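Student: Structure of the sequence below:
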Amino acid sequence: ADPDPYVPAPGENPWRDSTSLQVKSAAALERIKRNAFMQSPDELHAAKPIKGVKLPKSILFALLADWDYVTVQKKNYRLPQDPSVLEILTQYETSIDKTYHEELAAGDRERFSASLREYFSSLCRSSLLYDDKERKQYDRMAKDELYFSSVDFYGGEHLFRLLAKLPELLSDMPESTVKEFQWAHSDFVRFCERNLATLVEDGGVFLRDA
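Tutor: Take a look at the predicted model:
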């Protein structure tokens, strides 16, 4: 069979020059549906989100490169990742930078960070992994007594998968709490974008190309 022109060869990055972020073949999409619980990043991007909650292009580029690395190139990340999700969230909580969103009150960063840790730990295996290969790797790591939770051995790529999925997960959030969530989400996303070069591989490239 002829190769699918929209499934990139290993090492290629078709997302860099894509403005719509919709470069995806039916064959690749079908593989995701068969082999993963989580939707592809551009499906999540196209899904109806909570109003006012969105990810910048730089993080979308990171998500698409992550998807390509795992589902097309068939590779797994070497675990534990550095920095880990826990380290990223701790850095966010303790950052000496001025809060990125002026509406946040004292303690909001800590509360949002704690929520992300809880969501990540609870949803990681069922909703944040792309295929059985990743889930088997998760099972091996979870048995290691060195790690208390998945936040201890996954890193920025998997944390961004959670950020992409939050609008879907929280679509039934009570209207009274939507605004507070929007502020906290925006604050954390700005922190991630500012520090992207240190959070994921090629983060500096994604910032430059966004």
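
Student: If you average pLDDT per helix and strand, which one of the protein comes out bottom?
Tutor: Least confident helix or strand of the chain, by mean pLDDT, DSSP states H and E, is helix 26-35 with a mean of 39.

Student: Test for you: state the pLDDT assigned to Gly203.
Tutor: For Gly203, the model assigns a pLDDT of 81.

Student: for Leu55, same thing?
Tutor: pLDDT recorded at Leu55 is 85.

Student: just the one 4 residues further on next, same as before
Tutor: Note on Ile59: pLDDT of 91.

Student: Can you tell me the SS state at it?
Tutor: Classification of Ile59 using DSSP: H, G, I helix; E, B strand; the rest coil returns helix.

Student: Not counting sequence-adjacent ones, nearest residue to it?
Tutor: Excluding the flanking residues, the one nearest Ile59 by Cβ to Cβ, 6 or more residues apart in numbering is Phe160, at 5.7 Å. Heads up, the C-betas are built off the backbone N, CA and C, glycines and all.

Student: What is the neighbour count of that neighbour?
Tutor: 23 (other Cβ atoms under 10 Å).

Student: so what's Gln81 up against?
Tutor: Listed by Cβ atoms under 8 Å, 6 or more residues apart in numbering, the contact set of Gln81 reads Phe153, Tyr154, Gly155, Gly156, Glu157, His158.

Student: Go ahead and confirm the fifth one touches Phe61.
Tutor: The reference is to Glu157. No: between Glu157 and Phe61 there is no contact under Cβ atoms under 8 Å: 11.9 Å.

Student: Those two: which is more packed in?
Tutor: Each of Glu157 and Phe61 has its neighbours counted (other Cβ under 10 Å); Phe61 has more, 27 against 21.

Student: how about the residue nearest to the more buried one when sequence neighbours are not counted, what does it touch?
Tutor: Closest residue to Phe61 in three dimensions, ignoring its sequence neighbours and counting by Cβ to Cβ, 6+ apart: Phe206, at 4.1 Å. Neighbour list for Phe206: Ser58, Ile59, Phe61, Ala62, Ala65, Leu196, Val200 [criterion: Cβ under 8 Å, 6+ apart].

Student: Please identify, among the contacts of Gln81, the one with the most neighbours.
Tutor: Neighbour counts for the contacts of Gln81 peak at Tyr154, which has 28 neighbours (criterion: other Cβ under 10 Å).

Student: Could I get the contacting residues of that one?
Tutor: With Cβ under 8 Å, 6+ apart, Tyr154 has these contacts: Tyr77, Leu79, Pro80, Gln81, Ser84, Val85, Phe120, Cys124.

Student: and which of those residues is nearest Arg135?
Tutor: Relative to Arg135, the closest of these is Cys124; by Cβ to Cβ it sits at 9.6 Å.

Student: what's next to the helix or strand containing the closest one, contact-wise?
Tutor: Using DSSP states H and E, Cys124 sits in helix 108-127. Outside helix 108-127, the residues within contact range by Cβ under 8 Å, 6+ apart are 37-38, 85-86, 89-90, 92-93, 99, 128, 135, 138-139, 142, 149-151, 154, 158-159, 162, 165-166, 169, 180, 183-185, 187-188.

Student: List the buried residues in that helix.
Tutor: Residues Asp108, Arg109, Phe112, Ser113, Leu116, Arg117, Tyr119, Phe120, Ser121, Leu123, Cys124, Ser127 are the ones in helix 108-127 that count as buried (16 or more other Cβ atoms under 10 Å).
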